[in-house]
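Peer 1: My questions are about this predicted structure, shown below with the sequence.
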Amino acid sequence: MLGLGLAACAPVVPAQHDGQHDGEQTDQGVGHAGSLPHLRAEVIRVLPHDRSSFTQGLEISGGTLYEGTGLKGGSLVRATDLATGEVRREVRLPADLFGEGITVTGDRIWQLTWQEEVALERDRETLAELRRVEYSGEGWGLCADGSRLVMSDGSDRLTFRDPVTFAPTGSVAVRAAGAPVADLNELECVDGHVWANVWHTEEIVRIDPANGQVTAVVDASSLLSPGERAGTDVLNGIAAVPGTDEFLLTGKYWPSIFRVRFVPA
């Protein structure tokens with residue numbers, strides 16, 4: 001169903017960057033403290049990925065896979081046909097900008113920058129930059145839940161933003177068994193949940209945005225074989241496949257995108 005040649009959310013430097021099922025195991029922590037459902041990523045299909053891509057954001061919309069990548073001088077946003085893997089469009093950021101998370105909202109795409117404190121609004125069809133909006137702090141991950149944007153900055157807090165103006169409208173602290181969950185990176189909003197890659201781990205957490213509570217932890221450590229890990233960076237990139245309970249997962253400089261389903265561990 002996919003062919004794909006795709007692109008890269010937080011750099012490797014400090015401070016960058018389906019409901020529960022019966023039978024889910026519980027653990028102590030984001031992985032090992034408290035009583036949290038523990039899931040694993042069951043691979044359905046393995047797809048090619050552009051190994052030069054420092055993946056920062058991944059999202060599917062309207063039959064197109066959108067990917068944003070990072071690094072100054074190498075950041076871009078790319079639109080790929082989901083069915084054929086053909087690259088439809090690709091636009092590079094100015095060399096002084098370090099691209100971060102992306103999300104689609106209506107006929108627009110929002111793209112974060114890491115430390116430049118500016119979000120780029122793009123035309124969804126052409127990927128052309130339409131305007132820039134300033135914000136305070138770092139930008140890491142971004143997703144849209146239908147009525148608002150949800151943004152991470154590498155801390156334990158998610159910020160809600162207006163999808164038109166990008167103005168902040170609120171925030172929530174993320175906790176698992178009462179403990180802060182920091183290094184929240186690439187985000188995906190789906191079915192009332194926010195799924196977040198946790199930087200420097202191979203875990204994805206499911207968050208209730210109403211109260212910031214982590215409601216499940218996904219172990220994605222088995223995706224790459226030991227031989228495939230050479231030259232790769234962290235897990236980063238999660239996109240829900242519309243109309244299914246499946247996701248696409250990848251990472252920075254990863255050779256593959258994995259189509260997966262989250263199942264009890």
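Peer 2: Yep, that arrived.
Peer 1: CA only for contacts and neighbour counts going forward, please
Peer 2: Will do.
Peer 1: Would you point out the helix or strand in this structure whose mean pLDDT is lowest?
Peer 2: Taking mean pLDDT, DSSP states H and E as the measure, strand 25-27 is the helix or strand of the chain with the lowest mean score, a mean of 37.
Peer 1: Quick one: name whatever helix or strand follows that strand.
Peer 2: Going down the chain from strand 25-27, the next helix or strand is strand 36-48, by DSSP states H and E.
Peer 1: Could you look up the next helix or strand downstream of that following strand?
Peer 2: Next helix or strand after strand 36-48 toward the C-terminus (DSSP H and E): strand 55-61.
Peer 1: From the chain's centroid, how far away is that following strand?
Peer 2: Taking CA atoms, centre = their mean, to the nearest Å, one finds the center of strand 55-61 at 6 Å from the center of the full chain.
Peer 1: tell me which strands and helices it is in contact with?
Peer 2: Applying 3 or more CA pairs under 8 Å, 6 or more residues apart in numbering; DSSP states H and E, one finds that strand 55-61 contacts strand 64-69, strand 99-105, strand 184-190, strand 235-240.
Peer 1: And those: which comes nearest Phe166?
Peer 2: Nearest to Phe166 among those is strand 99-105; the distance by CA to CA comes to 11.6 Å.
Peer 1: Let me know the average pLDDT across the closest one.
Peer 2: The pLDDT scores in strand 99-105 average 97.
Peer 1: Likewise for stretch 197-204?
Peer 2: For stretch 197-204, the mean pLDDT works out to 95.
Peer 1: May I have it exported as CSV, CA atoms only?
Peer 2: Provided in CSV are the C-alpha atoms of stretch 197-204 (Å, rounded to 0.1, in the frame of the first residue of the first chain):
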residue,chain,number,x,y,z
ASN,A,197,7.6,10.1,21.4
VAL,A,198,9.8,10.4,24.5
TRP,A,199,13.3,11.7,23.4
HIS,A,200,16.2,9.4,24.0
THR,A,201,14.0,6.5,24.7
GLU,A,202,12.2,3.9,22.5
GLU,A,203,8.9,4.6,24.2
ILE,A,204,5.8,6.3,23.1
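Peer 1: Could you report the distance from Ala144 to Phe160?
Peer 2: According to CA to CA, to the nearest Å, Ala144 and Phe160 sit 9 Å apart.
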